[in-house]
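Enquirer: below are the sequence and a predicted model for it; my questions follow.
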Amino acid sequence: MVERNGRSQGASKQSRIAWSPRSLAGQVFAVQVVVVVLLVLGAILALVLESRSASDREARNRSVGVAEAFAHSPGLVAALKTPSPSTILQPITEATRKDAGVDFIVVMDTHGIRYTHPLPDRIGKRFVGTIGPSLAGQIYTESVHGPLGHEVQAVVPVKAPDGSVVGLVSAGLKVKNVTSAGNRQLPVILGTGAAALAIATTGTALTTRRLKRQTRGLGPAEMTRMYEHHDAVLHAVREGVVIVGQDGRLVLANDEAKELLGLPADAEGRHVADLDHLDPLTAELLLSGREATDEVHRSGARLLVVNQRPTDRHSGAMGSVATIRDSTELMAVSGKAEAAGKRLALLYEAGTGIGATLDVVRTAEEMANVAVPGLADFVTVDLADPVLRGDEPAGGAIELRRVAIEGIDEDYPFYPRGELINFVPSTPQAQGFDSGLSQVVPDLSVAHGWQAQDPWWTGRVLDYGVHSLITTPLKARGIILGVANFWRSQKPEPFDDEDLSLAEELVARAAVSIDNARRYTREHAMAVTLQRSLLPRALPDQSALEVAHRYLPAQSGVSGDWFDVIPLPGSRVAVVVGDVVGHGLHAAATMGRLRTAVHNFAALDLAPDELLAHLDELVDRIDQEESNGSTGTGVSGATCLYAIYDPVTRLCTIGRAGHPAPALVRPDGSVDFPDLPVGPPLGAGGAPFETAEVYLPEGTQIVLYTDGLIEDRSRDFDVGMELLRDVLAQRRRGPEENCQAIIDALLPARPQDDVALLIARTQVIAPENIVEREVPIDPAAVADLRAWTTATLEAWDLGDLVFSTELILSELVTNAIRYGSPPVRVRLLRDRALICEVSDGSSTAPHLRYAATTDEGGRGLFLVAQLTTHWGTRYFPRGKVIWAEQALPAPTVAELGVPDLAERTTPVLGS
């Protein structure tokens, strides 16, 4: 048993060892069989699914084809417009349905109401399905549950000749019919699968390898999809596709290519050279096989853009493929787009380039510059003369001033700039100015109305080659300011409606800017006139100072700068310069009030510190009144410098309220800025004002100015002061030359702030024209004084004034002895007038009164007032001075070498 068992176990082991290779091969085979079976089953399943998918697709394609064919059938649109479409269409649709092999064809209106149906009771009812996309012009397929059951249907729009949707057509199949068609194919599929199973085990690898080589790795679905995409793209693109073989035969041409090239339906397979309707140059390109990029070829009235490449870049053995697109409309549209782009660019340039300044002439020149050469070869602008002055044009004759000419050539044949042209009524300019409408002259050679203006000038224009004209009135706010003329010479085509529209847009923009500049000119002129009326028109007659001055208004308008020269008693002269902060009429009006106040305070012969104190109170009062009033506008601030020069003592007493210090140009040419006490600006209050006395040798120039001269956005105050010093120290000049040199060196052409500049060169009264003496406090001294006066006047050749002068001095000295206090002094000055001064230590001033007939006294000052041209009282720290002036005889004035008053009067507003 043991032995038997041992053999049995060994045999079993050997048996297992012997069967292992076959078992392995069987397992491998089984695995292969199983794999093949699974592959076959999978293939069968895939084929079943593909069959059903193809059946469903075929059903949809058939539905779309039937519906689309019926929708495009002749007479359908007319039948839909009849009163009873169902009567006409029901028998037709049923016959068509049976012939086409579909389950239903339904015709409906745009609301989905059926006109036809296989079930007549469904006619007139709403269609079951989606009609929205088809109303928008699309073909729509879907699966729905309709009257016939589960259906696959397509909805196609019926379009009228104008492209509008007037009805809908739906065709389809029942799903069960589609499914049964697929089921009928199942036995064939299973048989095919069995046959495939038989050969699959031996040919799997070869077939797979061959398929991969043939399809380049693509499966059936991918191949089908690629074909469908290729077919759809080939027939749907708006570009023509042409494939030419190596032998020159047409391999393929899609529908677009046939239409663009005019190819017959049987063109494919024929030699390209045999296609009669093909353009020779295009045929030559297709046969050459060369590469082409965006070459333009003609095909009848079309312009075609052709691109061509070889189908095999390496060998070229497969011929070439060309794409063709119609660029006729594109070129037309691109031409219009290019013209529109140029027009927009021109208008943009006009928006940025016209109206950059508030100058009428400059604005007209800017418009002319923009229009050349984009719109016209030459542009001339003519404006009415009142417009240049800021006024509105008046009615009457058409007289316009030529203010701008711009062209492609400087040698133009038109009226020159600045010419005043009187246009005759027949000219386009006169007609446009009268009517306010643009005038277009396509051909100037036959424009007899225009030629009537001036045959010689118009002949020159025609000879130059100018052939077309647009005249457009410059109109703003209903006011016609002038005309703009657009001339064309080099461009051969005349002006058209597009050019007219562009010209009117340019002129409309320019007219607004010109009108703004005109109104600015008027308002600025009015404001400047107001300010100039507030400034001194002429400097007063005096002998102490030789004065030169400048006033430059700001570019932005009037401001509050002013200056003045005020004669004072005793041959003294006060000079003043001030600045009201701000611009505009308010600043100018405030300046006028302050200037008037300075004159009034100067008439009281106040010292500079006292005058500034009174002026400060006035500014503070004005500020309070205006701030509390309805305007709510106070004085923003003001500065002032007031100086009194005495030609006898050569002392200049200066006080300033927040104003820059004057520059002093010494007779030796040195320049310095005296260290003067600075008071607060007017209206600021606070510290009291102070004065300083500066000794000025004869010939010293006092330079007074406002801060606009030395301050600027581009430089600091100290830099401006040094520039002023450098200009004054360059060389010795007179006041007038120094004024101009300072303006040229320190100011731009159009200053941002207004500037007042006054330069006064000091003069002195010669010692021989001054006599004085002290008078004892004794009435008897008056007799001796009269004798001294007589001798002095005889020495001065003023014998005609002896009697009146004796009477004046007798009265004044007698009053000083009676009512004043010592010391009593008398001074006679011979200047432009004879000045008598009597001073004493009392501050009590006499008063002029009218004495009654019974009064014994009180007539002295009355006599003094009658015998003199001016008289008055001024005070000093230790008393007072009563003065009186008498006019000198004319010959005496000439002998003294003093210019006459008319000769000494200088206009203030110079240069």
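Expert: Noted; the coordinates are in hand.
Enquirer: quick one: the residue nearest in space to the middle of the chain from A345, how far?
Expert: The centroid of the chain falls nearest to T352 when counting by CA atoms, centre = their mean (3.7 Å). The gap separating T352 from A345 is 11 Å, by CB to CB, to the nearest Å. (Each C-beta comes from the backbone N, C-alpha and C, glycine too.)
Enquirer: same question, E151
Expert: Distance, E151 to A345, using CB to CB: 60 Å.
Enquirer: next structured bit after the strand or helix carrying the residue nearest to the centre of the chain?
Expert: Per DSSP states H and E: T352 is located in helix 328-353. Scanning forward in sequence from helix 328-353 by DSSP H and E, the next helix or strand is helix 360-371.
Enquirer: what about the helices in the stretch 51-200 of the chain?
Expert: Assigned helices in the stretch 51-200 of the chain, in chain order: 76-80, 85-100, 132-135, 175-184, 186-215 (criterion: DSSP state H, counting those that start in this stretch).
Enquirer: ugh, typo on my part, it should be the stretch 501-650 of the chain
Expert: Taking DSSP H, counting those that start in this stretch as the criterion, the stretch 501-650 of the chain carries its helices at 585-603, 608-628.
Enquirer: select, out of these, the one closest to G669.
Expert: helix 608-628 (27.7 Å; CB to CB).
Enquirer: tell me the angle that closest one makes with helix 585-603.
Expert: Using axes from the mean of the first three to the mean of the last three CA atoms, to 10 degrees, the inter-axis angle of helix 608-628 relative to helix 585-603 is 150 degrees.
Enquirer: mean confidence score for helix 608-628?
Expert: Averaging pLDDT along helix 608-628 yields 86.
Enquirer: before we move on, what about stretch 129-141?
Expert: 87.
Enquirer: can I get it as PDB, trimmed to CA atoms?
Expert: The C-alpha trace of stretch 129-141 is given here as PDB (Å, rounded to 0.1, in the frame of the first residue of the first chain):
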ATOM      1  CA  GLY A 129     -42.500  71.100 -30.000                       C
ATOM      2  CA  THR A 130     -40.100  74.000 -29.900                       C
ATOM      3  CA  ILE A 131     -40.500  76.700 -32.500                       C
ATOM      4  CA  GLY A 132     -38.400  79.600 -31.000                       C
ATOM      5  CA  PRO A 133     -35.100  78.800 -32.800                       C
ATOM      6  CA  SER A 134     -36.800  78.300 -36.100                       C
ATOM      7  CA  LEU A 135     -38.600  81.700 -35.800                       C
ATOM      8  CA  ALA A 136     -35.100  83.100 -35.500                       C
ATOM      9  CA  GLY A 137     -34.200  81.500 -38.800                       C
ATOM     10  CA  GLN A 138     -32.500  78.300 -37.500                       C
ATOM     11  CA  ILE A 139     -33.200  74.500 -38.200                       C
ATOM     12  CA  TYR A 140     -34.100  72.800 -34.900                       C
ATOM     13  CA  THR A 141     -34.400  69.000 -34.300                       C
END
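Enquirer: next secondary structure after the helix or strand hosting E284?
Expert: Using DSSP H and E, E284 sits in helix 280-288. Downstream of helix 280-288, the first helix or strand assigned by DSSP H and E is strand 292-299.
Enquirer: tell me the angle of that next one relative to helix 280-288?
Expert: 140 degrees.
Enquirer: can you offset everything so residue one is 259?
Expert: New numbering, starting at 259: the last item is strand 550-557.
Enquirer: report the distance from whichever helix or strand comes after strand 550-557 to the chain centre.
Expert: Using DSSP H and E, the next helix or strand after strand 550-557 towards the C-terminus is strand 560-568. Taking CA atoms, centre = their mean, to the nearest Å, the mean C-alpha location of strand 560-568 is offset from the chain mean by 45 Å.
Enquirer: again with stretch 603-623
Expert: 9 Å.
Enquirer: not counting that stretch itself, show me its contacts.
Expert: 624-625, 627-629, 632-633, 639, 641, 645-646, 661-662, 664, 760, 763-764, 767-768, 770-772, 774-776, 778-779 (CB atoms under 8 Å, 6 or more residues apart in numbering).
Enquirer: buried ones among these?
Expert: 624-625, 628-629, 633, 639, 641, 645-646, 661-662, 664, 760, 764, 767-768, 770-772, 775-776, 778-779 (16 or more other CB atoms under 10 Å).
Enquirer: just the ones of the residues you listed in strands?
Expert: V639, L641, V661, A662, E664 (DSSP state E).
Enquirer: list just the nearest of the residues you listed to E883.
Expert: Taking CB to CB as the measure, L641 is the one of those closest to E883, at 44.5 Å.
Enquirer: so who does that closest one touch?
Expert: L641 neighbours (CB under 8 Å, 6+ apart): V618, A622, L658, R659, V661, L732, L739, G740, I772.
Enquirer: quick check, pLDDT for it.
Expert: The predicted local confidence for L641 is 93.
Enquirer: over to I738?
Expert: Predicted confidence (pLDDT) at I738: the value is 91.
Enquirer: next: V260.
Expert: For V260, pLDDT reads 38.
Enquirer: same check, this time on G665
Expert: Note on G665: pLDDT of 90.
Enquirer: excluding covalently adjacent residues, which one is nearest to it?
Expert: F636 (3.7 Å; CB to CB, 6 or more residues apart in numbering).
Enquirer: test my guess that the one you found contacts W745.
Expert: Yes - F636 is within contact range of W745, at 4.0 Å (criterion: CB atoms under 8 Å).
Enquirer: quick check: neighbours shared by these two?
Expert: Residues touching both F636 and W745 (CB under 8 Å, 6+ apart) are G665, F672, V724.
Enquirer: of those, buried ones?
Expert: Going by neighbour count (16+ other CB under 10 Å), the shared contacts of F636 and W745 have G665, F672, V724 buried.
Enquirer: which one of the residues you listed is nearest G520?
Expert: Looking across the buried ones among the shared contacts of F636 and W745 and measuring by CB to CB, the closest to G520 is V724, at 46.2 Å.
Enquirer: show me what contacts the closest one?
Expert: By CB under 8 Å, 6+ apart, the neighbours of V724 are D635, F636, P671, L702, W745, R746, S747.
Enquirer: next, the buried residues of stretch 1058-1067.
Expert: Buried, per 16+ other CB under 10 Å, within stretch 1058-1067: L1059, V1060, S1062, T1063, E1064, L1065, I1066, L1067.
Enquirer: can I assume L1087 sits in a strand?
Expert: Yes - counting by DSSP: H, G, I helix; E, B strand; the rest coil, L1087 falls inside a strand.
Enquirer: I figured it hits I1023, correct?
Expert: Yes - using CB under 8 Å, L1087 is in contact with I1023, at 6.4 Å.
Enquirer: what sits in contact with each of those two?
Expert: Joint contacts of L1087 and I1023 (CB under 8 Å, 6+ apart) are S829, V906.
Enquirer: mind listing what's buried along the helix holding E542?
Expert: Result for helix 538-546 [16+ other CB under 10 Å]: buried residues T540, A541, L543, L544.
Enquirer: take these and write them to CSV, including distance to N858 and pLDDT.
Expert: Output for the buried residues of helix 538-546, formatted as CSV (distance: CB to CB, whole Å; pLDDT from 0 to 100):
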residue, distance to N858, pLDDT
T540, 100, 83
A541, 105, 83
L543, 100, 82
L544, 104, 83
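Enquirer: check what pLDDT the closest residue to G723 other than its chain neighbours gets.
Expert: Among residues not flanking G723 along the chain, S747 sits closest, at 4.4 Å (CB to CB, 6+ apart). Note for S747: predicted pLDDT of 91.
Enquirer: kindly report the same for E763.
Expert: 91.
Enquirer: and V1151, by the same measure?
Expert: Reported pLDDT for V1151: 50.
Enquirer: what do you get for A950?
Expert: On the pLDDT scale, A950 is placed at 95.
Enquirer: residues of the helix or strand hosting G1130 that come out buried?
Expert: Here G1130, judged by DSSP H and E, is contained in strand 1128-1134. The neighbour-count check on strand 1128-1134 (16+ other CB under 10 Å) flags W1129, G1130, T1131, R1132 as buried.
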